[in-house]
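K.L.:
Need coordinates for the following:
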Amino acid sequence: MNIVGMKQTGVAATTIGAFDLFRGAEYVRELITEHDLPVVSANVFDESTGELFVEPYMIVERGGVRFGITGILDPDADIRTHKDVEVLGVTVGEPTTILADVIAELTPKSDFIVLLSQMGLEGAKKLVEEVPGVDFLVVGGEARYSAKSFEVGQTAMLQPGYKGQRISDFRLSFNEEHVYEGYSGLTLDLGDKVPSDASMALQLKEHKIAIEDANRRRAAERNKDREAQQTPRYVEEVLGMEASCARCHGEQVEQWKTTAHAHAYATLETGHQASNPECLRCHTTGYLDMPLDGSASVKEQLRDVQCESCHGKATDHARDGSYGKITVATCVVCHDKEKPGVRLRGVPGQGRSLGARALLSAAAFCDPMNPRWR
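P.N.:
This is a model prediction of the structure:
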């Protein structure tokens, strides 16, 4: 979600995650100041001054109930920065003692304490086991999600995942005397069955276009030396379908052209995601370690999900029947729970997301050594 979207949806508080620091601390500070974002973090410090980078907590009142909200970032988080960022600008403190001090300060000021954790599930569990006093915790920092809320000790946990694919509905119940009686929490998939807000969908589209345009400008401004340094690393033995597979496997190539794999790169272009390195890994052939600044330029002969994406490098091709066998493990490299949209024509489950059993059928269908291709 971009900043404008966060403001419009009425976000009461958010915290700093590892991805937020990609362009350095000063960039984050400017955004927070310009848009008056309600950002809290108890263990992120300004590297130059040693002071807290943002407020450690805030008090939000709803219906006469005071919620103390704080945030924690994993000190071992993999914080990656743009190549132009020379100094990150922040340090991350050990959370246990810091959180204990914040809870002690928040307890007399609030009725409930909410922790926005950027530590992943296991890190969050360990933290609340060591530091009591957190009433509700939102798990961030990893893709996994939980369909229902759960408890660790006295702390109610909610894990919505990330990338805006789901939303968590967490509700507290109070009686007429405003006495707390309990909670319920569910994480809901924001799939096709959930209609998009027209205004927000338009903003998202404009946001993607703006990012894509900025990435194109950066790519155009690179000189030859910088371009050579930023060229995505690709497996040199990957040749591309036209240069290898099509010469002997014409029938299979024609079948491949009827599948969504043959148009995988075009879907990124339509969705203004053709410079998104996270998307390119699964919508191209043989590409690894995409530059995180979006400046990747994919060779035309390696666009789309071609034969070598699933069957292996053409230069490893054996003629004894051992080459290129596909299993479920092959498919779930990309078609995992976060990217479930498997759509293949002519196989079980066409037009919907496939489960493991259907993936096995799809794998057999694609396998060049399957009897149907003999």
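K.L.:
if I look at the nearest residue to residue 119 once chain neighbours are set aside, how far off is residue 155?
P.N.:
With sequence-adjacent residues excluded and distances taken as Cβ to Cβ, 6 or more residues apart in numbering, residue 119 is closest to residue 74, at 4.2 Å. In this view, the C-beta of every residue, glycine as well, is placed from N, C-alpha and C. Residue 74 sits 17 Å away from residue 155, going by Cβ to Cβ, to the nearest Å.
K.L.:
Kindly report the same for residue 51.
P.N.:
Distance from residue 51 to residue 155, counting by Cβ to Cβ: 29 Å.
K.L.:
which residue ranges form the strands in the stretch 151-300 of the chain?
P.N.:
155-158, 166-174, 180-189, 233-234, 287-288 (DSSP state E, counting those that start in this stretch).
K.L.:
Please state the offset of the first one from the chain centre?
P.N.:
Looking back up the chat, that one is strand 155-158. 21 Å (Cα atoms, centre = their mean, to the nearest Å).
K.L.:
Tell me which residues of it come out buried.
P.N.:
Buried residues in strand 155-158, counted by 16 or more other Cβ atoms under 10 Å: 155, 156, 157, 158.
K.L.:
got it, and stretch 152-167?
P.N.:
By neighbour count on 16+ other Cβ under 10 Å, the buried set for stretch 152-167 is 152, 155, 156, 157, 158, 159, 160, 161, 165, 166.
K.L.:
now swap in stretch 51-62 and tell me
P.N.:
Buried residues in stretch 51-62, counted by 16+ other Cβ under 10 Å: 52, 53, 54, 56, 57, 58.
K.L.:
check contacts around the third one.
P.N.:
In other words, residue 54. Residue 54 is in contact with 16, 32, 39, 40, 41, 44, counting by Cβ atoms under 8 Å, 6 or more residues apart in numbering.
K.L.:
Inside helices: which ones of those residues?
P.N.:
residue 32 (DSSP state H).
K.L.:
Could you list which of the contacts of residue 54 belong to strands?
P.N.:
Among these, the ones falling in strands (DSSP state E) are residue 44.
K.L.:
Okay, domains of this protein per the record?
P.N.:
Using automatic domain parsing, the domain parsing of the chain gives 3-189, 198-309, 325-374.
K.L.:
Now mean pLDDT and distance to residue 317 too, for the ones you listed, in a markdown table please.
P.N.:
Shown next, in a markdown table, are those (pLDDT from 0 to 100; distance: least, Cβ to Cβ, whole Å):
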| stretch | mean pLDDT | distance to residue 317 |
| --- | --- | --- |
| domain 3-189 | 91 | 34 |
| domain 198-309 | 75 | 8 |
| domain 325-374 | 50 | 10 |
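K.L.:
Among those domains, single out whichever gets nearest to residue 316.
P.N.:
Nearest of those to residue 316, taken as Cβ to Cβ: domain 198-309 at 7.0 Å.
K.L.:
quick revisit: which one among the buried residues of stretch 152-167 gets closest to residue 260?
P.N.:
Nearest member of these to residue 260, counting by Cβ to Cβ, is residue 165, at 19.0 Å.
K.L.:
burial count for residue 213?
P.N.:
Residue 213 is flanked by 12 other residues according to other Cβ atoms under 10 Å.
K.L.:
Begin at 51, not 1, for the rest of this chat.
P.N.:
That works, and once the first residue is 51, the last one we named lands at residue 263.
K.L.:
will you turn the domains of the chain into JSON lines that also has distance to residue 366?
P.N.:
As requested, the domains of the chain are exported to JSON lines (distance: least, Cβ to Cβ, whole Å):
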{"stretch": "domain 53-239", "distance to residue 366": "31"}
{"stretch": "domain 248-359", "distance to residue 366": "7"}
{"stretch": "domain 375-424", "distance to residue 366": "12"}
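K.L.:
Centroid-nearest residue for the chain?
P.N.:
Nearest to the geometric centre of the chain sits residue 213, at 4.5 Å (Cα atoms, centre = their mean).
K.L.:
Please report the distance of it from residue 53.
P.N.:
On the measure of Cβ to Cβ, residue 213 and residue 53 end up 17 Å apart.
K.L.:
Could you tell me the backbone phi and psi angles at residue 378?
P.N.:
phi -60, psi -40 (degrees, to the nearest 10).
K.L.:
for the chain, which helix is longest?
P.N.:
Counting by DSSP H, the longest helix found in the chain is helix 248-271.
K.L.:
Quickly find the element holding residue 176.
P.N.:
helix 170-180 (DSSP states H and E).
K.L.:
What strands flank the next helix or strand after that helix, and is each parallel or antiparallel?
P.N.:
Counting by DSSP H and E, the element after helix 170-180 in chain order, helix or strand, is strand 186-190. Next to strand 186-190 in the sheet, as set by DSSP bridges, lie strand 162-168 (parallel), strand 205-208 (parallel).
K.L.:
ok and strand 186-190 relative to strand 216-224, angle-wise?
P.N.:
Taking axes from the mean of the first three to the mean of the last three Cα atoms, to 10 degrees, strand 186-190 and strand 216-224 form an angle of 180 degrees between their directions.
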